[in-house]
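Visitor: Got a predicted structure plus its sequence, pasted below:
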Amino acid sequence: MAISVGAACAVVLAGGQLVAPRIATMVLRDRLARDGRVISVRLSAFPWFELLWHHADRISLRMADYHAAPHRIHELLHQAEGIGELDISIGVLHTGLLTLHDVSFGKHGDQMVGASQLDLRDLQAALPVVRSLTPVHDAGGQLVLRGTVGVLGVNATVDVAVAARDGKLVVAPAGLFAAFATVTLFEDPQISVQSVTAVTVPGGVRFTARGGVR
């Protein structure tokens, strides 16, 4: 029995729709498993051949932990530009600068939202000139971390905040001490962090950052 060209194309497209997303999912899982423990990966793409241009409709990712230098995280986010919706959850994220806990990241179109818990002990280690950090609320109601700092023989009380600054996500003391102890949590030339909110949790601070593609 002869099969028309149209029917053959339909078979190829249908077969690709079943197989290609599964293959892409396995490749992504294997790549992430090199640097952490993967719990689950789900990927959807319709039509399937958009995967050839590194595009997909949605990726949902769950990991127990992930070890990555900041530049590796930036590379992953750049590759996510072609993903319509991104839903990431990581139990413990080791960035080389700080260890973040209970990390979540979502992308819907050009808008991005990320949240994480920052333990005060880890932050204290990253800010050696700042001592005795305690969460407080300033006069404007913003959550800050108050501590003492000593630089060049000068000791003073200083407020430290997780904030959006020049499109970056930073942990920075107020005033002149910012030059000595600012830690950049996230910086990417193509992504602008626009706002940050924070609340206290046992042992640390949980912050939520919102931003978008430049």
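Guide: Right, received. Where do you want to start?
Visitor: Show me what stretch 36-44 is in contact with.
Guide: Taking contacts as Cβ atoms under 8 Å, 6 or more residues apart in numbering, the residues outside stretch 36-44 that touch it are 21, 24-25, 28-29, 32, 56-68, 90. C-betas here are computed from N, CA, C, even on glycine.
Visitor: Can I have the buried ones of those as a ChimeraX selection?
Guide: When burial is assessed using 16 or more other Cβ atoms under 10 Å, the buried subset of the contacts of stretch 36-44 is captured in ChimeraX by this command:
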select :21,24,25,28,32,56,58,59,61,63,65,66,68,90
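Visitor: dump the residue contacts of Ile59.
Guide: With contacts defined as Cβ under 8 Å, 6+ apart, the neighbours of Ile59 are Leu28, Val41, Arg42, Leu43, Ser44, Ala80, Ile83, Glu85, Leu86, Asp87.
Visitor: One more pass at 6 Å, please.
Guide: Ile59 makes contacts with Leu43, Ile83, Leu86, as judged by Cβ atoms under 6 Å, 6 or more residues apart in numbering.
Visitor: top of the residues you listed by neighbour count?
Guide: When neighbours are counted as other Cβ atoms under 10 Å, the busiest of the contacts of Ile59 turns out to be Leu43, with 22 neighbours.
Visitor: Just grab the bridge partners of that residue for me.
Guide: Counting by DSSP bridges, Leu43 forms beta bridges with Ile59.
Visitor: so how far is Ala125 from it?
Guide: Leu43 is 37 Å from Ala125, where distance means Cβ to Cβ, to the nearest Å.
Visitor: same deal with Ala33?
Guide: From Ala33 to Ala125 the distance is 28 Å (Cβ to Cβ).
Visitor: swap in Gln117?
Guide: In terms of Cβ to Cβ, Gln117 sits 16 Å off from Ala125.
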